[in-house]
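**Student:** Structure of the sequence below:
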Amino acid sequence: MYSGIIELLEPRLEDVLKTFNVQYNEFSGYYSCTCPIHNSDNPNSMVVYKEGYIGSWKCYTNHCEEEYGGNLLGLVRGLLNSSAERRYYFRDTIDWILKWLGNPKIDISQVPHLVLPKKFDENPHIALRSTIRSSHNTPSVVFLEKGFSLEVLRTFDVTDCWNSKKELYGRTVCPVYDNEGVWLIGAWGRLIEQKEYLPKWRPNTGFKGTTFYGFWEAKKSIEETGTVILVEGMCDVLRLHEAGFKNAVGLFGVNLTDGQLALLNKTGVSSVTILLDGDEAGQQGAERIIKKCSNYFNVKNIVLPKEKDPADFSIKEITNFLI
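**Tutor:** Next up, the predicted model:
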């Protein structure tokens, strides 16, 4: 994991403390000091261990390690955030450490949540997007009737499938492209006529939800703003893009995978807004995402009314939620 960076930092633990002007007392096995992260006035409020798990630390008055992580990387990130005017996130901290160490050559694969898992994109490249767009040039009439704009349906290539030989026959199809928007890697279909014995939404057989829905379209906005809005499904993404929030992506559900987390870090995200459905499953999912992301990003969770999802609201209402 990130042991490579920690191993480089461990011999220089005392230098780290001095860099941030931490006034400490040295004891056998540990350093004791006031916690500079929350400006404690207790001279023994923080302990940093110099033996065993070197650099592990604990704030006994404010539990700052719970926010930043109790290892050496978390300590550096906490110290950075206490001493700088700007906010340091996980990737910023890694960059600062490498620069402070003199930019040593280190295998980036040693850093978790910055590298996509080897099996991150297991979806085959089915066809070029250009081919899909030329052969499916009719936007979904069903979604037009539901109030989605022609522009957004064309942007995301949403169409209705009436070919009985196709797997997603009788569904409105939302293609899923790779992260560059070049290759079709799968699709999700929504039943046009609801049937109790069939799921409302389903992916094509073999689809792996390892990326985000709409990431290929949102990538530029995410990179430019450093922010991302996480929603559950395809219709939510369409509605937010209609409202001008081009940095919205879909989770294909209520969970954020390790691969998706790595993708956010690689894209330079600093702030995450969670906008899941207002039902119990959505809010439980939001709680899991908050826990998973809080050490890496500034996280905001917007709670919608019960039994409502983002696609249920008007553009004006969505704007009021997010601004």
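**Student:** and this structure, what are its domains?
**Tutor:** Listed domain ranges for the chain are 3-110, 127-203, 215-322 (source: automatic domain parsing).
**Student:** Make TSV from those and add mean pLDDT and mean neighbour count to it.
**Tutor:** Every C-beta, even on glycine, is put in place using the N, C-alpha and C of the backbone. TSV is the format used below for those (pLDDT from 0 to 100; neighbours: other Cβ atoms under 10 Å):
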stretch	mean pLDDT	mean neighbour count
domain 3-110	86	16
domain 127-203	93	16
domain 215-322	93	19
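**Student:** Just the strands from this structure, written as ranges.
**Tutor:** Secondary structure of the chain by DSSP state E: the strands cover 24-27, 30-33, 46-49, 57-59, 127-128, 159-161, 171-177, 183-191, 201-203, 227-231, 248-250, 271-274, 298-301.
**Student:** Pipe those strands into JSON lines and attach distance to F143 per row.
**Tutor:** Formatted as JSON lines, the strands of the chain follow (distance: least, Cβ to Cβ, whole Å):
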{"stretch": "strand 24-27", "distance to F143": "62"}
{"stretch": "strand 30-33", "distance to F143": "59"}
{"stretch": "strand 46-49", "distance to F143": "55"}
{"stretch": "strand 57-59", "distance to F143": "51"}
{"stretch": "strand 127-128", "distance to F143": "22"}
{"stretch": "strand 159-161", "distance to F143": "8"}
{"stretch": "strand 171-177", "distance to F143": "6"}
{"stretch": "strand 183-191", "distance to F143": "8"}
{"stretch": "strand 201-203", "distance to F143": "13"}
{"stretch": "strand 227-231", "distance to F143": "16"}
{"stretch": "strand 248-250", "distance to F143": "15"}
{"stretch": "strand 271-274", "distance to F143": "24"}
{"stretch": "strand 298-301", "distance to F143": "28"}
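**Student:** how about these, which one is nearest I290?
**Tutor:** Distance to I290, taken as Cβ to Cβ, is lowest for strand 298-301 among those, at 5.4 Å.
**Student:** Pairing partners for that closest one, with directions?
**Tutor:** Looking at strand 298-301 with DSSP bridges, its partner strands are strand 271-274 (parallel).
**Student:** how close does the closest residue in space to P104 that isn't next to it in sequence get to L240?
**Tutor:** On the basis of Cβ to Cβ, 6 or more residues apart in numbering, the spatially nearest residue to P104 that is not a chain neighbour turns out to be L8, at 6.2 Å. L8 sits 42 Å away from L240 when distances are taken as Cβ to Cβ, to the nearest Å.
**Student:** do D41 as well
**Tutor:** Distance, D41 to L240, by Cβ to Cβ: 45 Å.
**Student:** Equivalent analysis for F143, please.
**Tutor:** Using Cβ to Cβ, F143 is found at 15 Å from L240.
**Student:** do D95 as well
**Tutor:** Where L240 is concerned, D95 sits at a distance of 30 Å (Cβ to Cβ).
**Student:** How about C161?
**Tutor:** C161 is 24 Å from L240, where distance means Cβ to Cβ.
**Student:** Likewise for A127?
**Tutor:** Counting by Cβ to Cβ, the separation of A127 from L240 is 27 Å.
**Student:** Also L184?
**Tutor:** Here the distance between L184 and L240 works out to 22 Å (Cβ to Cβ).
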